[in-house]
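Peer 1: Sequence plus predicted model, see below.
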Amino acid sequence: MRLCSKPGCGGPAIGLLGYNYAEKRALLEDAAERDIPPHLYALCAVCADRLNPPRGWILEDRRYEPPLFLPREPALESLAE
Ligand SMILES: [Zn+2]
């Protein structure tokens, strides 16, 4: 089980948080069962919901997409790279 990376929390992680400094976006994604790249942080449900992006930043919550029954959008895929 992956644990939340907030100091003093240690709850079970449900999401991954990453920062896009160029676009000033905080990205929250589902925690996939893979190794976390060094620039991503694991977060539990509580910490994810309390997340406050820095002033002037946009929080992009991608945790619940894409659904199983929708085709993935190529545009989004290329953005993620
Ligand atoms: Zn937490």
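Peer 2: Good, I have the coordinates.
Peer 1: Now do the longest strand belonging to the chain, average pLDDT.
Peer 2: Criterion DSSP state E: the longest strand present in the chain is strand 13-20. Average pLDDT, strand 13-20: 91.
Peer 1: Repeat that for stretch 24-31.
Peer 2: Summarised as a single mean, pLDDT over stretch 24-31 is 90.
Peer 1: can you give me the offset of that stretch from its chain's centre?
Peer 2: With C-alpha atoms, centre = their mean, to the nearest Å as the basis, stretch 24-31 stands 3 Å off its chain's centre.
Peer 1: Any buried residues in that stretch, and which?
Peer 2: Neighbour counts over stretch 24-31 (16 or more other C-beta atoms under 10 Å) mark 26-29, 31 as buried. Yep, even glycine has a C-beta here, placed from its N, CA and C like the rest.
Peer 1: Stretch 41-52 now?
Peer 2: For stretch 41-52, by 16+ other C-beta under 10 Å, it's 41-44, 47-48.
Peer 1: what is the residue nearest the centre of the chain paired to in the beta sheet?
Peer 2: The chain has Leu28 as the residue nearest its centroid, 2.2 Å off, counting by C-alpha atoms, centre = their mean. Beta-bridge partners recorded for Leu28 (DSSP bridges): Leu17, Asp61.
Peer 1: Surely it is in contact with Leu59?
Peer 2: Yes: using C-beta atoms under 8 Å, Leu28 is in contact with Leu59, at 6.8 Å.
Peer 1: Any chance you could list residues touching both of those two?
Peer 2: Listed as contacting both Leu28 and Leu59 by C-beta atoms under 8 Å, 6 or more residues apart in numbering are Leu51.
Peer 1: returning to what we had before: among the buried residues of stretch 41-52, which lie within helices?
Peer 2: Of the buried residues of stretch 41-52, the ones assigned to helices by DSSP state H are 47-48.
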